[in-house]
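In: Task: produce atomic coordinates for the following.
(2 chains)
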There are 2 protein chains.
Amino acid sequence: MATQAATAQTAARSTGAKQEPDELDAHVFEQVCALADAAADAQQELGRANGEARNELLAVLADALDAHADEIAAANALDMQAAFDSGMDAGKLDRLRFDAERVGAAALGVRHVATLPDPLGQTVRGYTLPNGLRLNQIRVPMGVMGMIYEARPNVTVDVASLCLKSGNAVLLRGGHAAQRTNAATLQVVSEVLQSHGFKPALVASVDEFGRMGATAMMQARGHIDVLVPRGGAGLIRAVVEQSKVPVIETGAGNVHIYVDRAADLSKAVPIIINAKTQRVGVCNAAEKLLVHRDVAQTFLPVAAQALAQAGVTLRVDERSYEIVSKGDIQGLQLERATAEDWDTEYLALIMGVKVVDSLDEAIAHINAHSTGHTESILTEDYGAVGEFTERIDSAVVMVNASTRFTDGGVFGFGAELGISTQKMHARGPMGLQEMTTTKWIGYGNGQVRR
Amino acid sequence: MATQAATAQTAARSTGAKQEPDELDAHVFEQVCALADAAADAQQELGRANGEARNELLAVLADALDAHADEIAAANALDMQAAFDSGMDAGKLDRLRFDAERVGAAALGVRHVATLPDPLGQTVRGYTLPNGLRLNQIRVPMGVMGMIYEARPNVTVDVASLCLKSGNAVLLRGGHAAQRTNAATLQVVSEVLQSHGFKPALVASVDEFGRMGATAMMQARGHIDVLVPRGGAGLIRAVVEQSKVPVIETGAGNVHIYVDRAADLSKAVPIIINAKTQRVGVCNAAEKLLVHRDVAQTFLPVAAQALAQAGVTLRVDERSYEIVSKGDIQGLQLERATAEDWDTEYLALIMGVKVVDSLDEAIAHINAHSTGHTESILTEDYGAVGEFTERIDSAVVMVNASTRFTDGGVFGFGAELGISTQKMHARGPMGLQEMTTTKWIGYGNGQVRR
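Out: Here you go, the predicted model:
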């Protein structure tokens, strides 16, 4: 099955020392439910606005973000200072930064979302029954979405625009570190909604309740339709385990590349380097390299040299160590892999390397250790392509291509909410279509059931 | 928002006295996870079997059920006797009955499932990116499904055949009362799988662990891919609240019919009688009748007479009472509705009746009290059709047609797993297609990301 050692461990843990959610304050729960209900109320209006009206709203929002970029940036400077003072590391500080330039980039993103096709009203299936009853299954908004994310203020703008475009209301919990930035951003959103005849409750924050706001959202079944956690593995696991509201799990990526014995080795190195190093801290970056034993002697030294040159540390199994350590590869950082490595998403210039005896072993290893995000096979063997694409149980399976292509933008969705590694509702990149549900409408003229 | 007073109450309750799940025995959890993992292993083979092989398997299963009908019926007779002795009521006893005739009908159902189109391998979307990478999104099995249901032994056969057809393995918890019947049925399934070269672990029961088996399934995240509860509202709510495995919520139906002021009253009575009385104990039967005030004086006496004749007790609001009680309607059983009535699914010859001032009030009442299953508007007014179908937030919205049409068989799905009243993954009747997920496959020839 797809879902892996990591989640298996999680399940096992939950029978022992159960991770207890924060004790929920009834008063906070009431207030969060009231916000959600106000959002639902506002959403009914938005869902009825036509696509033109929703696109116009986004255009106005983009202009307003540009106009208020300095105010947002000023609020962000305060968040940045506080985060710096509390010792936040450079990588996180960079993600937290939302200066005037980045606000401008976010505004451009909003304009782009406005140009995307409207997901609402699309007919998924439609036919007429023998008795004349006409059935249409059409796309409609989810209703009230909930988003729990960490200190990345651009997500606030992205999610707001995707939700408004797809006719959804949204409740946001954006994390303590970005609180002032998010508040300034939401102030702009709120004014735009109001001045455009929509209720500001459409895009609301629960940040005022701190962590308790997130806990309340997870309990607000019947008030929030779907919850999307976006951030580190710990955040996602906590939401998945504690939420009574349906969750779309976005994903960690312990991403594999398998070099088959029939691989075109000249294609392999560029693909591996691209997948590992083009962008390091992202979920579609490759983390593991599996190599068929028949090509390991030839290929591993070449691959190791290229990876060493790119500054990648290799964590290798015994057979790979024997092969790679023999060569005199300049700058090579070679370490022995531990059992834990095979389940780890590094998000760093580190790659686990393992020699496998067969395609079967590669598939079994991947299905046991992957997080179900993306895997790629490099081969010119038709049969191996068939076996690998059929038996690998991940959201995306690539053949002779970089894993970095798993992305809503690349897939042509225009923008993405995240990448789902679960099997229900949406699997893989989630665009506007994945933010909708469907409704069946039956048009009759007096039909009764016989 | 769709999800209603009933679930709102549930959410509110959960902050107070929280319903504690059964304490889970670690040893049972381990065994259930082992069953699920064996099922996952067996599923990989089944998922790779082509459609012909899966259909042949179903044909053999149908023959075997016919051949062993007497043994299954004998086991059922013991269950029936035990249930009778413990005081089970006649309705439940009837559902529990699985005599040779009913086994034969179930076998016929299996043959029918074999004739349905194969959901696996269907291309949902497919296109080539500008860089030549060919993307296909195709339907694949979910993996391991879990089914928790009450004492209806035919469900065991239905679910086994739907799962085998759609390439899924399944773990079953069928309830104490039908335990001998289910064991005899699974014995037949198991022998067929084995004699046909498949692993019996594909269709397995956790009944040996009693209620603890269901509790363990709900915790088996990472081992079971999706859980489907089917049965009474209490069972479904318990699974939804406690499960860490993603759940497809199948639904209770507090189903409404709204008679608009522009209704063709000659169509209205047959539709209402059909929706309320054609089959009483089912989720798509109508439970509530809303009537616009402009037609209430004319229409309510006629409707009440027809309903009284069909043996339906009316639970009415004040305005309906005044109108209906004036007429001298033979056999009429008239009661005053309480606040609770508007949230109740009767599953009996009872109908709640209310006069509303406007289409708006009808929509607001339905969205506040419905379970999101099916609602029907009776009107000849184009604008009212648009408002109602757009604003009602339920899985199925009918126009001038009986609510009884919400059914996988009627919708042309051939067979159904249940009717989803949730918004994620599947909404409305769930057929074979709704038992699949998708996988993206990218066919490249060396593409890397720029």
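In: Only C-alpha atoms from now on, for both contacts and neighbour counts.
Out: Will do.
In: Can you list the low-confidence ranges for chain A?
Out: Within chain A, the segments meeting pLDDT under 70 span A:1-23.
In: How about it: which residue is closest to chain B?
Out: Across chain A, the shortest distance to chain B (Cα to the nearest Cα) belongs to residue A:425, at 3.4 Å.
In: shouldn't that residue be in contact with residue B:426?
Out: Yes - using Cα atoms under 8 Å, residue A:425 is in contact with residue B:426, at 7.1 Å.
In: Among the two, which residue is more densely surrounded?
Out: A count of neighbours by other Cα atoms under 10 Å in any protein chain shown puts residue B:426 above the other of residue A:425 and residue B:426, at 24 against 19.
In: who touches that one in this structure?
Out: With contact set as Cα atoms under 8 Å, 6 or more residues apart in numbering or on different chains, residue B:426 has these partners: A:425, B:248, B:420, B:434.
In: Taking those residues, tell me the two that lie furthest apart.
Out: Farthest apart among those by Cα to Cα are A:425 and B:420. That separation is 12.5 Å.
In: Now do residue A:112 against residue B:185, distance only.
Out: In this view, residue A:112 and residue B:185 are 57 Å apart by Cα to Cα, to the nearest Å.
In: hang on, I meant residue A:102
Out: Residue A:102 is 63 Å from residue B:185, where distance means Cα to Cα.
In: of those two, who's got more company?
Out: Taking other Cα under 10 Å, residue A:102 and residue B:185 do not tie; residue B:185 has more neighbours (25 against 15).
In: Now do the contacts for the residue nearest to residue A:305 when sequence neighbours are not counted.
Out: Counting by Cα to Cα, 6 or more residues apart in numbering or on different chains, residue A:305 lies nearest to residue A:329, which is 5.9 Å off, once chain neighbours are set aside. Taking Cα under 8 Å, 6+ apart, we find residue A:329 in contact with A:301, A:304-305, A:308.
In: Neighbour-wise, give me the winner out of the contacts of residue B:426.
Out: Neighbour-wise, the contacts of residue B:426 (other Cα under 10 Å) top out at residue B:248, 27 neighbours.
In: Pop out the phi and psi values for that one.
Out: Dihedral pair for residue B:248: phi -100, psi 120, per degrees, to the nearest 10.
In: State whether it and residue B:418 are indeed in contact, as I suppose.
Out: No - Residue B:248 is beyond contact range of residue B:418, at 9.4 Å (criterion: Cα under 8 Å).
In: Give the helix, strand or coil label for residue A:273.
Out: When classified by DSSP: H, G, I helix; E, B strand; the rest coil, residue A:273 comes out as helix.
In: If you count contacts, what does the longest strand along chain A end up packed against?
Out: As assigned by DSSP state E, the longest strand anywhere in chain A is strand A:436-447. The contact analysis (3 or more Cα pairs under 8 Å, 6 or more residues apart in numbering or on different chains; DSSP states H and E) places strand A:436-447 against strand A:134-141, helix B:265-277, strand B:396-401.
In: deepest of those, which one?
Out: strand B:396-401 (a mean of 27; mean count of other Cα atoms under 10 Å in any protein chain shown).
In: Tell me which stretches of the stretch 151-300 of chain A form strands.
Out: Under the criterion DSSP state E, counting those that start in this stretch, the stretch 151-300 of chain A contains strands at A:169-173, A:203-205, A:226-230, A:255-259, A:286-292.
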